[in-house]
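Engineer: prediction below, plus the sequence it came from.
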Amino acid sequence: MTPPRTTEPSEGALPKLDNLTLSRKEGLQALAESPRRLQPEILTLKQIAALGEVARLEYEHGRSVWHANLGPLKTPQLEALHEDLWDIVASNQQDGDKAKGAVAVDAFPGLGKTTAVLDFALKYHQKEIARAGSFTDSGHERWPVCRVGLTSNIGMKDFNRALLEFYAHPGRKTGTATLFAQRALDCVLECETKLLIIDDLHFLKWQDKNGKEVSNHFKYIANEFPVTLIFIGVELGNRGLYSESDSRGDITLAQTARRTTPLTMDAYAVDNNKQRHQWRKLMLGLEQRLVLARKYPGMLADDLSDYLYIRTTGHIGSLMTLINRGCQRAVRTGTELLDQELLNQVKLDAGAERARKALEKKFARKRMTTKPRSCVARTASARTVA
């Protein structure tokens, strides 16, 4: 028996995306324009056992890759963030003599902010290419989105070089910070880039020399580059992004604060019935994506709903990690389903594990639940009939 195809023959093989980086234009393009990954067929235990050795390994590999790339999910948090981003980007179409407002997506780790912004960026790339084509009127490649990830203690020259690295500019190796900035502006103008995403902004030390230098450089970019700046980071307000001045009274940060709109993403809460329904919808959506031979309706939404919330405290990043690792173990061990016994063996991030004990007590005392009232009532009714 041969393993099921994960792509139709007419589509061709999916490009390898695991060796690409979003700090290069080719990586972002491949992620945005590659065919949609198709979910592997769910085989029964008997069908899996009938596979030959090579076919079985191929099937397991396909499932492993699929489970490692389950997201992004259309959560209420992601959809709300996208609505705000579309509003801001659409409004930033002023003529070149006007500075454009920036965005700061500021949230704690594990809430999916980078994933959500990247998903928006890929959609924006697709939309612009569909509207205007892959090449500009001048014959240059069109790159609607540029992404730069910051590193610790980055300076202005390093930042400008990172911009040039994204475009693979031949002059990215030698030059001054000012020359790098001029070349980066040329790239943005010639490639008609509209979004500049700056990830891991929390690495920037706002109060030291390099931090102030790069902060001032952001103002230069906002004034001279026809782009919408989207910052991504953790506790950016506490680190000084929105400050009117620093500890010495220097007001150089004021312009950044006035032009930057803060957006955030929250963890899932289960304090009321509406929130519990949202959590249940997420569980049902995840169930549909799992490729396990013994999975069944309600495996997550009914039997593991409270447990998954306790383990992850409603953080989408922790949840996706737990589900991914759990599926990898379920396939490898032949368990072919997720249950509490298996998931208890899966290690998770330290933040989730620290918060787990306090939540366990609240759920054990019936002070919290993820189950909507309608589901609890149906369960109680079923038990009465039984």
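Structural biologist: Everything's here; your move.
Engineer: what lies in contact with the lengthiest helix in the chain?
Structural biologist: For the chain, the helix that runs over the most residues, judged by DSSP state H, is helix 113-132. The contact list for helix 113-132 (CB atoms under 8 Å, 6 or more residues apart in numbering) reads 22, 28-29, 31-33, 71-72, 77-78, 81-82, 85-86, 89, 105-107, 142, 144-145, 147, 192, 194-195, 197, 199, 230, 232, 264-265, 317. Every residue, glycine included, has its C-beta placed from N, CA and C.
Engineer: which of these fall in strands?
Structural biologist: The strands, defined by DSSP state E, take in Val105, Asp106, Val145, Arg147, Leu195, Ile197, Asp199, Ile230, Ile232 from the contacts of helix 113-132.
Engineer: need those in JSON lines with neighbour count, distance to Phe218 and pLDDT, can you?
Structural biologist: JSON lines is the format used below for the ones in strands among the contacts of helix 113-132 (neighbours: other CB atoms under 10 Å; distance: CB to CB, whole Å; pLDDT from 0 to 100):
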{"residue": "Val105", "neighbour count": "26", "distance to Phe218": "15", "pLDDT": "94"}
{"residue": "Asp106", "neighbour count": "24", "distance to Phe218": "15", "pLDDT": "91"}
{"residue": "Val145", "neighbour count": "25", "distance to Phe218": "17", "pLDDT": "97"}
{"residue": "Arg147", "neighbour count": "25", "distance to Phe218": "15", "pLDDT": "95"}
{"residue": "Leu195", "neighbour count": "23", "distance to Phe218": "14", "pLDDT": "96"}
{"residue": "Ile197", "neighbour count": "24", "distance to Phe218": "13", "pLDDT": "96"}
{"residue": "Asp199", "neighbour count": "21", "distance to Phe218": "14", "pLDDT": "91"}
{"residue": "Ile230", "neighbour count": "24", "distance to Phe218": "12", "pLDDT": "95"}
{"residue": "Ile232", "neighbour count": "25", "distance to Phe218": "13", "pLDDT": "93"}
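Engineer: present the residues you listed as CSV; the columns should include distance to Arg311.
Structural biologist: Converted to CSV, those look like this (distance: CB to CB, whole Å):
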residue, distance to Arg311
Val105, 25
Asp106, 25
Val145, 34
Arg147, 31
Leu195, 35
Ile197, 31
Asp199, 27
Ile230, 31
Ile232, 26
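Engineer: identify the farthest-apart pair in those residues.
Structural biologist: Within the ones in strands among the contacts of helix 113-132, Asp106 and Val145 form the most distant pair, 20.1 Å apart (CB to CB).
Engineer: so the closest residue to Gly175 other than its chain neighbours is in which element?
Structural biologist: What sits nearest to Gly175 in space, not counting adjacent residues and going by CB to CB, 6 or more residues apart in numbering, is Arg183, at 7.2 Å. Assessed by DSSP states H and E, Arg183 sits inside helix 177-190.
Engineer: now what about that helix, what contacts it?
Structural biologist: So helix 177-190 is contacted by 136, 138, 140, 146, 155-157, 160-161, 163-164, 167, 169, 171-172, 175, 193, 196, 217, 220, 224-227 (CB under 8 Å, 6+ apart).
Engineer: at 6 Å instead, please
Structural biologist: Residues from elsewhere that reach helix 177-190 (CB atoms under 6 Å, 6 or more residues apart in numbering): His140, Met156, Lys157, Asn160, Arg161, Leu163, Leu164, Tyr167, His169, Gly171, Phe225.
Engineer: for the residue nearest to the first one when sequence neighbours are not counted, the count of nearby residues, please.
Structural biologist: On the basis of CB to CB, 6+ apart, the spatially nearest residue to His140 that is not a chain neighbour turns out to be Glu190, at 4.5 Å. Counted with other CB atoms under 10 Å, residues neighbouring Glu190 total 16.
Engineer: do the same with Ala130
Structural biologist: Residue neighbour count, defined by other CB under 10 Å, stands at 9 for Ala130.
Engineer: okay, it: pLDDT?
Structural biologist: Here the pLDDT value assigned to Ala130 is 96.
Engineer: what does Ser381 give?
Structural biologist: If you check Ser381, the pLDDT there is 48.
Engineer: got the buried residues for stretch 89-107?
Structural biologist: Buried residues in stretch 89-107, counted by 16 or more other CB atoms under 10 Å: Val89, Asn92, Ala99, Lys100, Gly101, Ala102, Val103, Ala104, Val105, Asp106, Ala107.
Engineer: isn't the fourth one up against Ala90?
Structural biologist: No. The pair Lys100 and Ala90 fails to qualify as a contact (CB atoms under 6 Å) at a distance of 11.5 Å.
Engineer: nearest the geometric middle of the chain, what residue?
Structural biologist: Thr115 (0.6 Å; CA atoms, centre = their mean).
Engineer: check what pLDDT it gets.
Structural biologist: pLDDT for Thr115: 93.
Engineer: so how far is Ile88 from it?
Structural biologist: According to CB to CB, to the nearest Å, Thr115 stands 19 Å off from Ile88.
Engineer: kindly report the same for Leu342.
Structural biologist: Distance from Leu342 to Ile88, by CB to CB: 43 Å.
Engineer: so where do the strands sit in the stretch 151-300 of the chain?
Structural biologist: With DSSP state E, counting those that start in this stretch as the criterion, the stretch 151-300 of the chain has strands at 195-199, 228-233, 260-263.
Engineer: one step back: quick one, which of the contacts of helix 177-190 are buried?
Structural biologist: For those, a burial check counting by 16+ other CB under 10 Å picks out Met156, Lys157, Asn160, Arg161, Leu163, Leu164, Tyr167, His169, Phe225.
Engineer: just the closest of those residues to Glu360, please.
Structural biologist: Glu360 lies nearest to Leu163 out of the buried ones among the contacts of helix 177-190, by CB to CB, at 47.0 Å.
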